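Trainee: Sharing a sequence plus its predicted fold:
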Amino acid sequence: EIKKMRLWGRHENVKLYALAGKAASAEPRREAVEIENPEKNEKSLPPAQPATSPATPASVDVKALELEDMPSSFRLMLDDGLVISVKSDKQGTLSGLYSIAHSINWYISQPLLTVWYAIKSRPYGALNLVLDEKDARALYWSIYEGNGVLIYNPQNH
């Protein structure tokens, strides 16, 4: 469910875009897994001692990225100049202040970006979505660069 939606610029009724990139202030990071090289261990040990066995899958504890590790506030940059800003509907004082700052930023930055893109003769449009926190995280987790994104604009009807 979309809690709140704002559009800026001209948008077609229905269009298929390609995701060019995504950005978040706190993007999830995968842990680097270092697997010991058994040949290196054999060379570094004295000849009298047996070499240690390499790490087995059961002995390596790798933390997989889960839905909870995904950001709930991010931007999706689509081809054809459309930028989708997504944020969660978290409640609280800090979230309320962030929402006010985000609204002020929206009404100042969008006209400036429109002029900038017009000077460069490139299209620009923005879509601001407020989703449930779990839905926002799921959207970030499920979409990759190059994916097709179908945008339906109900306000053109």
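Mentor: Arrived safely, thanks for sending.

Trainee: Please make it C-alpha for all contacts and neighbour counts, starting now.
Mentor: Will do.

Trainee: now the helices: where do they sit in the protein?
Mentor: 38-44, 93-119, 133-142 (DSSP state H).

Trainee: which of these has the lowest average pLDDT?
Mentor: The minimum mean pLDDT among these belongs to helix 38-44 (a mean of 57).

Trainee: Gly81 against Tyr124, yeah?
Mentor: Yes: in this structure, Gly81 is within contact of Tyr124 by C-alpha atoms under 8 Å, at 4.5 Å.

Trainee: Quick check on the two: which one has the bigger neighbour count.
Mentor: Taking neighbours as other C-alpha atoms under 10 Å, Gly81 and Tyr124 compare with Tyr124 leading, 21 against 15.

Trainee: residue ranges for the strands of the chain, please.
Mentor: Remark: strands assigned in the chain by DSSP state E are 2-8, 14-24, 74-78, 82-88, 125-131, 148-152.

Trainee: orientation of the last one relative to strand 14-24 in degrees?
Mentor: With axes from the mean of the first three to the mean of the last three C-alpha atoms, to 10 degrees applied, the angle from strand 148-152 to strand 14-24 works out at 120 degrees.

Trainee: Pull the residues that contact strand 148-152.
Mentor: 12-19 (C-alpha atoms under 8 Å, 6 or more residues apart in numbering).

Trainee: Out of those, which end up buried?
Mentor: By neighbour count, with 16 or more other C-alpha atoms under 10 Å, these hold 17-19 as buried.

Trainee: got the residues you listed as TSV, with distance to Ala118 and pLDDT columns?
Mentor: Shown next, in TSV, are the buried ones among the contacts of strand 148-152 (distance: C-alpha to C-alpha, whole Å; pLDDT from 0 to 100):
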residue	distance to Ala118	pLDDT
Tyr17	20	88
Ala18	21	91
Leu19	22	92
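
Trainee: of these, closest to Asp69?
Mentor: When the buried ones among the contacts of strand 148-152 are compared for distance to Asp69 (C-alpha to C-alpha), Leu19 wins out at 21.1 Å.

Trainee: Beta-bridge partners for the closest one, please?
Mentor: Leu78 (DSSP bridges).

Trainee: My guess is it contacts Met77. True?
Mentor: Yes: using C-alpha under 8 Å, Leu19 is in contact with Met77, at 6.1 Å.
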